[in-house]
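# Build the 3D model from these lines:
(one chain, ligands or ions: 2)
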Amino acid sequence: MARSQLITDIGELTTQVPGEPRLTDAALVIEGDRIAWIGSAADAPAADESVSVAGRAVLPGWVDSHTHMVFAGDRSAEFEARMAGQKYAAGGIATTVRATRAATEAELAGNLSRLRGEALRQGTTFLETKTGYGLDVASEEASARIAAAEADIVTFLGAHVVPEGIDAREYLDLVTGPMLDAVAPWVRFIDVFCERGAFDVEQSREVLEAGRRAGLGLRVHGNQLGHGGGVALAVELGAASVDHCNALTDADVDALAGSDTVATVLPACDLSTREPLAPARRLRDAGATVAIATNCNPGTSYTTSMQYCVATAVLQMHLSIEEAVWAATRGGAVALGVQDSPDAVGMLAVGGRADLQVLDAPSISHLAYRPGVPLTAAVWRAGERVPAASSW
Ligand SMILES: N=CN[C@@H](CCC(=O)O)C(=O)O
Ligand SMILES: [Zn+2]
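Numbers count the residues shown, from 1 in each chain. Ligands and ions are numbered 1, 2, ... in the order given. Next comes the predicted model:
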C-alpha cells in the first residue's frame with residue numbers, strides 16, 4: 001500500500017470544494033499522490049507519518065496558467081527605461097528572441113528548471129508555459145520539447161510577433177504549417193498575441209483555426225495595450241482563456257460573462273508595464289470566470305510569485321481574498337481545462353491530486369494582509385513534499 005501522511009492541526013483548510021470551501025481545525029491524509037481523507041483534526045485516522053502544522057492555513061497549490069519560461073537573457077535595461085517613462089511595446093520581444101536563438105538547449109532547460117523550482121517553492125504546483133521566443137521551426141520545436149520536460153501544460157506561441165527577416169504572410173504560413181507540425185507532439189494549446197505590433201484579428205483567427213484543426217485547445221493574448229478584437233475573437237472561437245484583458249469595452253465584458261472563456265488577469269504584468277490594471281472586479285461582477293496568473297517572462301513580468309499577484313488582485317483590483325485565491329487555483333485550472341476529476345487541480349478533494357501548500361499564517365487573508373512576506377511554509381506536489389532550496 002502507498003505510504004500515508006497525515007497533515008493535522010490545520011487552523012484553516014481551504015479546499016475549494018463547492019459548498020464546503022473552508023474548514024477549521026482540520027486534517028487531511030495523503031496516500032501516494034492522492035488525498036485519501038479530509039475532516040476534523042479530532043477524527044483524523046492514523047498514518048505512516050504525521051506532520052502537525054500547528055494552526056497554520058493550508059490551501060491548494062497555485063495553478064499558474066500563463067508563463068513564458070523558455071528564454072535566455074534578461075531585459076532589465078528595457079525595464080529601467082520603462083520605469084523612466086518609456087512605454088512598453090511588443091517590439092521588445094525581438095531582444096529575447098535573439099538571446100534565445102543564441103542559447104544552447106542545456107542553457108534554456110537550465111533557466112526553465114531554475115524558474116520552475118523557484119515557483120514550486122512558492123507554492124505553484126501546476127504550471128503552464130509557452131514557446132514564443134524561438135520563432136523559427138527548429139527553435140520553436142526545441143522550446144516546446146524543453147518545456148514539455150518541465151511544465152505540466154505547454155502552449156505553442158509561434159504567433160508571438162513576426163520575427164525579423166520574414167514578411168507577415170510568409171511567417172503565418174510557417175506558423176500554421178511546418179512549425180505547428182513540429183511542435184504538435186509537445187503542446188496542448190495554441191496561443192496568439194492579438195495586438196497592435198503583433199497580429200491583427202484576421203491573422204489571429206487564421207492561427208487559431210489551424211491550431212484547432214491540429215487538435216489543440218485555444219488561448220489568446222488579447223486587449224493588453226488597447227481596445228482590440230482579441231477578446232471578441234477568443235469568445236467567438238470558444239477559446240479556453242483570453243489573457244491580459246486590460247482594455248475592455250462593455251461589449252467585451254458582456255461577451256466574456258456569457259461565455260465559457262476564462263478572463264485571465266496578470267496583475268504583476270500590469271504593474272511592470274505601468275498599464276491600467278485589468279478590471280477583475282468588473283469582470284467578476286458581470287459573471288465572467290476570472291483566473292490570476294504571473295505571466296512570468298523577461299519582458300513584462302519577471303516574477304514567479306503567485307502570492308504577489310494574489311495580493312495585488314486584492315489590494316488594487318478589489319477582489320476579495322477568497323475570490324483572488326479561487327482565481328489563482330481553480331480559476332487557473334478552468335483556464336487550462338484541468339478542473340475535472342479524477343485529475344482536477346486547484347482543489348483539495350478526496351481522490352484528487354495531493355497538491356497543497358502550508359502558509360506561515362493562520363488564514364489566507366494574510367496573503368494580502370502581509371504583502372511581500374514569503375509566507376510559504378511547506379509545499380506538497382503529487383503527494384511529495386518539496387525540498388527547500390539547495391544552497392549554491
Ligand atoms: N504580450 C505578449 N507577450 C508577453 C510579453 C513578452 C515580452 O515582452 O517578452 C506578455 O504576455 O506580456
Ligand atoms: Zn503572456
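
# which residues are contacting the helix or strand hosting residue 77?
Using DSSP states H and E, residue 77 sits within helix 76-83. Residues from elsewhere that reach helix 76-83, judged by Cβ atoms under 8 Å, 6 or more residues apart in numbering: 86, 88, 92, 95, 272-274, 299, 302. In this view, the C-beta of every residue, glycine as well, is placed from N, C-alpha and C.

# where's the nearest residue to residue 330 once chain neighbours are set aside relative to ligand 1, distance?
Of all residues not flanking residue 330 in the chain, residue 346 sits nearest, at 4.2 Å (Cβ to Cβ, 6 or more residues apart in numbering). As judged by Cβ to the nearest ligand atom, to the nearest Å, residue 346 and ligand 1 stand 21 Å apart.

# among the contacts of helix 76-83, which two are most distant?
Between any two of those, the greatest separation by Cβ to Cβ is 18.7 Å, found for 95 and 274.

# Show me which of these two is the more surrounded one.
The neighbour count for residue 95 versus residue 274, taken as other Cβ atoms under 10 Å, is higher for residue 95 (17 against 12).

# mind checking the backbone torsions on that one?
Backbone geometry at residue 95, expressed as degrees, to the nearest 10, gives phi -60, psi -50.

# Could you chop the protein up by domain?
Listed domain ranges for the chain are 4-61+346-386, 62-336 (source: the TED database).

# Now the terminal residues of the longest one, how far apart.
To tie it back to what came earlier, the one meant is domain 62-336. This stretch, domain 62-336, spans 13 Å end to end (Cα to Cα, to the nearest Å).

# Tell me if it is near ligand 1.
Yes: for domain 62-336 and ligand 1, the contact criterion (Cβ under 6 Å from any ligand atom) is met by 68, 92-93, 96, 193, 221, 224, 269, 295, 297, 299-300.

# quick one: least confident of the residues you listed?
Lowest pLDDT of the residues of domain 62-336 next to ligand 1: residue 92, 91.

# Give me whichever of the domains of the chain is most buried.
A comparison of the domains of the chain by mean neighbour count, using mean count of other Cβ atoms under 10 Å, puts domain 62-336 on top with a mean of 22.

# where's the residue in the chain that ligand 1 sits nearest to relative to residue 92, distance?
Proximity of the chain to ligand 1 (Cβ to the nearest ligand atom) peaks at residue 299, 2.5 Å away. As judged by Cβ to Cβ, to the nearest Å, residue 299 and residue 92 stand 5 Å apart.

# can you check residue 349 too?
The gap separating residue 349 from residue 92 is 42 Å, by Cβ to Cβ.

# what does residue 5 give?
Using Cβ to Cβ, one obtains 45 Å as the distance from residue 5 to residue 92.

# cool, and residue 180?
Here the criterion is Cβ to Cβ. By it, residue 180 lies 25 Å from residue 92.

# Also residue 34?
Using Cβ to Cβ, residue 34 is found at 43 Å from residue 92.

# Could you do residue 195 as well?
From residue 195 across to residue 92, the span is 13 Å (Cβ to Cβ).

# what's the answer for residue 55, then?
46 Å.

# same check, this time on residue 352
40 Å.

# same thing with residue 282?
Distance of residue 282 to residue 92, computed by Cβ to Cβ: 29 Å.

# cool, and residue 118?
Shown here: residue 118 relative to residue 92, a distance of 22 Å by Cβ to Cβ.

# which residues does residue 40 bridge with?
residue 26 (DSSP bridges).

# Residue 13 is in contact with that one, correct?
No: counting by Cβ atoms under 8 Å, residue 40 does not reach residue 13; the two are 10.0 Å apart.

# Need the residues touching each of those two.
The contact sets of residue 40 and residue 13 overlap at 23, 26 (Cβ under 8 Å, 6+ apart).

# so where is the protein shaky, pLDDT-wise?
The model of the chain has pLDDT under 70 over residues 390-392.

# one more time with 90, if that's ok
Within the chain, the segments meeting pLDDT under 90 span 1-2, 19-21, 89-91, 341-343, 388-392.

# If you count residues, where's the longest helix of it?
Ranked by residue count and defined by DSSP state H, the top helix of the chain is helix 105-121.

# Now tell me what touches that one from outside.
With contacts defined as Cβ under 8 Å, 6+ apart, helix 105-121 is touched by 62, 64, 67, 69-72, 100, 103, 127, 129, 142-143, 146-147, 149-151, 294, 296, 304, 306, 376, 379, 381, 386, 388-389.

# Okay, and which of these map to strands?
62, 64, 127, 129, 376, 379, 381 (DSSP state E).

# what's the farthest-apart pair in the residues you listed?
129 and 376 (20.2 Å).

# mind listing the helices for the stretch 51-200 of the chain?
76-83, 93-102, 105-121, 137-148, 168-174, 180-183 (DSSP state H, counting those that start in this stretch).

# Out of those, flag the one nearest residue 263.
Closest to residue 263 of the helices of the stretch 51-200 of the chain is helix 105-121 (Cβ to Cβ; 22.2 Å).

# ok now the closest one, how far from the chain's centre?
Centroid separation for helix 105-121 versus its chain: 15 Å, with Cα atoms, centre = their mean, to the nearest Å.

# report the angle between the axes of that helix and helix 137-148?
Helix 105-121 runs at 30 degrees relative to helix 137-148, counting by axes from the mean of the first three to the mean of the last three Cα atoms, to 10 degrees.
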